[in-house]
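Participant: starting from these lines, generate the structure:
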Amino acid sequence: MKKIKDLPKNELPHEKLFTKGAPSLSEQELLAVILGKGTRKLDVLALSKIIVSIIDEKGIEFDIEELLKIDGIGTIKAAILSAAFKFVHRRIKPEGLKIKSPTDVLPLIQHFADRKQELNK
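Facilitator: Numbering: from 1, shown residues only. Below is the predicted model:
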């Protein structure tokens with residue numbers, strides 16, 4: 001992914017959110033909007049990529065201490081992220097969801113569309 005400074009204005013995550021809507025953003029871009037900015041060493045997209053990889057590995061119940069190990073994530077940003085994920089986890093309960101037709105599955109897996117994963121052969 002390109003660095004944030006290399007993106008045209010209309011492709012910046014927050015601009016893209018307003019013009020194209022949240023579904024058009026990757027998970028990394030959505031997280032970049034939540035974070036707001038990066039650090040001197042890492043732009044917000046690079047920082048988001050690191051956090052997404054932690055969540056991919058640990059799941060939604062990631063440990064706040066994992067976030068604090070990332071250069072540029074202090075107690076405030078770690079608390080915001082932890083609270084945001086806990087809020088969503090409490091509000092959206094997938095265990096109560098019923099799939100009645102194949103079209104009900106697409107919204108549940110659409111976020112995987114932008115992931116790049118190597119296949120083990």
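
Participant: average model confidence for the lengthiest helix in the chain?
Facilitator: Longest helix of the chain, by residue count under DSSP state H: helix 75-91. Helix 75-91 shows a mean pLDDT of 87.

Participant: got the buried residues for it?
Facilitator: For helix 75-91, the neighbour count (16 or more other Cβ atoms under 10 Å) marks 77-78, 81, 85 as buried. All C-beta atoms are positioned from the backbone trio N, CA, C, and that covers glycine.

Participant: and that helix, what does it pack against?
Facilitator: In terms of contacts (3 or more Cβ pairs under 8 Å, 6 or more residues apart in numbering; DSSP states H and E), helix 75-91 is packed against helix 27-35, helix 64-68.

Participant: let's go with 10 Å and repeat that
Facilitator: helix 27-35, helix 44-58, helix 64-68 (3 or more Cβ pairs under 10 Å, 6 or more residues apart in numbering; DSSP states H and E).

Participant: and residue 18, which of the ones you listed is closest to it?
Facilitator: Residue 18 sits nearest to helix 27-35 of all the helices and strands packed on helix 75-91, at 10.0 Å, using Cβ to Cβ.

Participant: which positions within the closest one qualify as buried?
Facilitator: Buried, per 16+ other Cβ under 10 Å, within helix 27-35: 27-33, 35.

Participant: next: stretch 64-78.
Facilitator: Within stretch 64-78, the residues scored as buried using 16+ other Cβ under 10 Å are 67, 70, 72-73, 77-78.
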